[in-house]
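# coordinates only, sequence not included:
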């Protein structure tokens, strides 16, 4: 029997001006729920989180909470004005945690709480807000973009803390890896309604596509015109998967090519090659670059003996903990900062666009039209003239927003608008500093597509592991010692190297950089042609099989949701965990098999 909810909203509605943001929503949160709250920018996710937390009141509905339940919210942009130090912020308010509890968590997060609040960085403020929230020992934790401004070490720590956490949480995040590792159920806020499914975020996209396909089939029965629209909706889902799979295949091929260049035998040619073809393709060449900071005798080496030739169409990801030197390396590669030793040579034709995480030029009183086209109806998009409303649609905006003020847009919409403006500029080098902050999942998909189709070179600093795995051809990993790992692949490929090093296994080294001995093989190309009898049967039966596996996963997760199960019967708990992992693996295999067959059918 399921445990009684600790917090509920029944018939929730919120009116914004002349329309309802959402209406007739029911929410029930159990004592051990791990919920992902998903929805497009502007759908009202942060607002819904505030309604759950009781910070604002709804226009309709009834909120119920069990006596004694403590609800704590980590807001996306906590208010630090008026506080002298980060500790003053953490200890403010009637519900403030104990000082020693804050200090204990702050120590694990590596944040000095005596730091002045107004001069603290975004990452330091985020850590302080986390220390304040987690130290309160909540029964229900509401997390709005908790990984924003955190480095990889802090994200790993937070994931570990939440896995051990005994209460419930609801989380809004663009970090797919974070959501996949932690959530067990999904709340999907879509077009004013809220759906819930007892699957973690890993199953969300398949569920979303299933819902849209069912809506299309329902429309098919209503009207011939709707039938055409439904057809495009259904085909659009398949087409997006095909495009993304095609782009991933191309990305794997590019990684394999780069890995061959980065192996020990090819490194010297890569770094110092003099052939005309290599020279013509190179856009940035770094040779034996080193950089130190600090007073004489107390210098700290940030980058040491770094060598790399970056070519046109390379997608370079830069990762590492805060303070490891990511920004320094980026400035060295773009010529903004001169090295102490070594050289960095930039192609004379290099023309760059920098998209930073500050969004500093998005004045709230400007109209969307002003930001994109300086008040015009037309915008030049990399040399091609487009109508501003059509261009807005390409970036998932309602064309009617052309007259809207920037200040009325959500944080994610402002970020998307900035991307639309910068991607319109003619350039052959794109520099992205934490581009995924504040973006919803659909915009992240769009950003990945735009980067994949970009004809120039891309440099990306990001802590979003999934984004890097889907986007970059080379990862530059910094550990803070000055050494830079050069890895053909994404974040996961760099992580393998780090774990091998920690386990004491040999890692191929080349001139201050580590690289994989063997490149990641590209996935086999999809076969096309007539299906065999077995293939046809699998193609027809696998969707039902996947639904059965989904149901089995939901049953397993429901059993494991019992907070007392492990204490009462640890053997049963372990058996259920093992069975659930097998079912999840079976589902993954079934989905991969079906996608392969779908490619063959459509080929």
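That came in fine, so what should we check first? On a predicted model such as this, the values are computed, not experimentally measured, just so you know. Numbers count the residues shown, from 1 in each chain.

# ok, the spatially closest residue to residue 167 that is not a sequence neighbour to residue 460 distance?
Leaving aside its chain neighbours, residue 167 sits nearest to residue 139 (4.8 Å; criterion: C-beta to C-beta, 6 or more residues apart in numbering). For the C-beta atoms, the positions are set from N, CA and C on the backbone; glycine is no exception. Plainly put, residue 139 is 39 Å away from residue 460 if you go by C-beta to C-beta, to the nearest Å.

# which of these two has more neighbours?
Using other C-beta atoms under 10 Å as the criterion, residue 139 and residue 460 rank with residue 460 on top: 25 against 19.

# and the more buried one, its phi and psi?
Residue 460 adopts backbone torsions of phi -130, psi 120, taken as degrees, to the nearest 10.

# next one: the one 3 residues further on
With angles defined as degrees, to the nearest 10, residue 463 shows backbone torsions of phi -100, psi 0.

# buried set for stretch 492-501?
493-495, 497 (16 or more other C-beta atoms under 10 Å).

# contact partners for the residue nearest to the spatial centre of the chain?
With distances taken as C-alpha atoms, centre = their mean, the residue of the chain nearest its centroid is residue 175 (3.2 Å). By C-beta atoms under 8 Å, 6 or more residues apart in numbering, the residues touching residue 175 are 147, 155, 436, 464-466.

# how near is residue 457 to residue 282?
10 Å.

# now residue 421: which helix or strand?
Using DSSP states H and E, the element containing residue 421 is helix 411-423.

# tell me which helix or strand comes right after that helix.
Remark: after helix 411-423, the chain's next helix or strand is strand 429-433, criterion DSSP H and E.

# average model confidence for that following strand?
The average pLDDT within strand 429-433 is 90.

# domain ranges for this structure, per the record?
Listed by automatic domain parsing, the domain ranges of the chain are 7-204, 252-351+427-514, 363-426, 526-603.

# excluding sequence neighbours, find me the nearest residue to residue 292.
Closest to residue 292 by C-beta to C-beta, 6+ apart is residue 299, at 4.2 Å.

# surely that neighbour meets residue 340?
No - counting by C-beta atoms under 8 Å, residue 299 stays clear of residue 340, with 9.2 Å between them.

# now do the shared contacts for those two.
What both residue 299 and residue 340 touch, as defined by C-beta under 8 Å, 6+ apart, is the set residue 292.

# can you map out the helices along the stretch 401-550 of the chain?
For the stretch 401-550 of the chain, the helices defined by DSSP state H, counting those that start in this stretch occupy 411-423, 441-453, 465-471, 491-502, 533-560.

# mean neighbour count, those helices: which tops it?
Comparing these by mean neighbour count (mean count of other C-beta atoms under 10 Å), helix 465-471 ranks first with a mean of 23.

# what's that helix packed up against?
Helices and strands touching helix 465-471, by 3 or more C-beta pairs under 8 Å, 6 or more residues apart in numbering; DSSP states H and E, are helix 176-182, helix 224-262, strand 315-320, helix 441-453, strand 457-461, helix 491-502.

# least confident of those, on average?
Among these, helix 224-262 scores lowest, with a mean of 58.

# just give the number of residues close to the nearest residue to residue 194 once chain neighbours are set aside.
Leaving aside its chain neighbours, residue 194 sits nearest to residue 25 (4.5 Å; criterion: C-beta to C-beta, 6+ apart). Per other C-beta under 10 Å, the neighbour tally for residue 25 reads 23.

# quick one: which of the domains of the chain is nearest residue 213?
Proximity to residue 213 (C-beta to C-beta) singles out domain 526-603 among those, at 10.2 Å.

# circling back: neighbour count winner among residue 457 and residue 282?
residue 457 (23 against 18).

# okay, and the beta partners of the more buried one?
Beta-bridge partners for residue 457, by DSSP bridges, are residue 429.

# from now on call the first residue 41
Okay, using 41 as the starting number, the last item reads as residue 497.

# for residue 516, see how far away it is.
Residue 497 sits 14 Å away from residue 516, going by C-beta to C-beta.

# okay, and the common contacts of these two?
The contact sets of residue 497 and residue 516 overlap at residue 356 (C-beta under 8 Å, 6+ apart).

# before we move on, back to that, ramachandran angles for the residue nearest to residue 207?
phi -90, psi -30.

# give me the helices and strands touching the helix or strand encompassing residue 164, please.
Here residue 164 sits within helix 162-174, counting by DSSP H and E. Using 3+ C-beta pairs under 8 Å, 6+ apart, the elements in contact with helix 162-174 are strand 111-114, helix 126-130, helix 139-149, helix 192-204.

# same thing but at 10 Å, please
strand 111-114, helix 126-130, helix 139-149, strand 180-184, helix 192-204 (3 or more C-beta pairs under 10 Å, 6 or more residues apart in numbering; DSSP states H and E).

# what comes into contact with the first one?
Put plainly, it is strand 111-114. Strand 111-114 has contacts (C-beta atoms under 10 Å, 6 or more residues apart in numbering) with 46-47, 69, 89-90, 92-95, 105, 135, 137, 166, 169-170, 172-186, 207-212.

# put the buried members of the residues you listed into a ChimeraX selection.
Here is the ChimeraX command that selects the buried residues among the contacts of strand 111-114 (16+ other C-beta under 10 Å):
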select :46,47,69,89,90,92,93,105,137,166,169,170,172,173,174,175,176,178,179,180,181,182,183,184,185,186,207,208,209,210,211,212
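
# for the stretch 391-540 of the chain, give me the ranges with low pLDDT.
Scanning the stretch 391-540 of the chain for pLDDT under 70 picks out 396-401.

# where do the strands of the stretch 341-490 of the chain begin and end?
Using DSSP state E, counting those that start in this stretch, the strands assigned to the stretch 341-490 of the chain run over residues 355-360, 381-386, 392-395, 418-421, 424-427, 469-473.

# buried sites along the first one?
Of the residues in strand 355-360, 355-360 count as buried by neighbour count, 16+ other C-beta under 10 Å.

# for the residues you listed, give me JSON lines that also has distance to residue 406.
JSON lines is the format used below for the buried residues of strand 355-360 (distance: C-beta to C-beta, whole Å):
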{"residue": "355", "distance to residue 406": "31"}
{"residue": "356", "distance to residue 406": "32"}
{"residue": "357", "distance to residue 406": "32"}
{"residue": "358", "distance to residue 406": "31"}
{"residue": "359", "distance to residue 406": "34"}
{"residue": "360", "distance to residue 406": "35"}
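
# need the residues touching each of residue 497 and residue 322.
Common contacts of residue 497 and residue 322 (C-beta under 10 Å, 6+ apart): 350-352, 354, 387.

# with respect to residue 158, which of these is nearest?
Using C-beta to C-beta, the shared contacts of residue 497 and residue 322 come closest to residue 158 at residue 350, 38.0 Å.

# what sits closest to that closest one if chain neighbours are left out?
Excluding its sequence neighbours, the residue lying closest to residue 350 (C-beta to C-beta, 6+ apart) is residue 324, at 4.1 Å.

# next, the buried residues of the helix or strand hosting the one you found.
Assigned by DSSP H and E, residue 324 belongs to strand 322-333. Neighbour-count burial for strand 322-333, counted by 16+ other C-beta under 10 Å, picks out 322-331.
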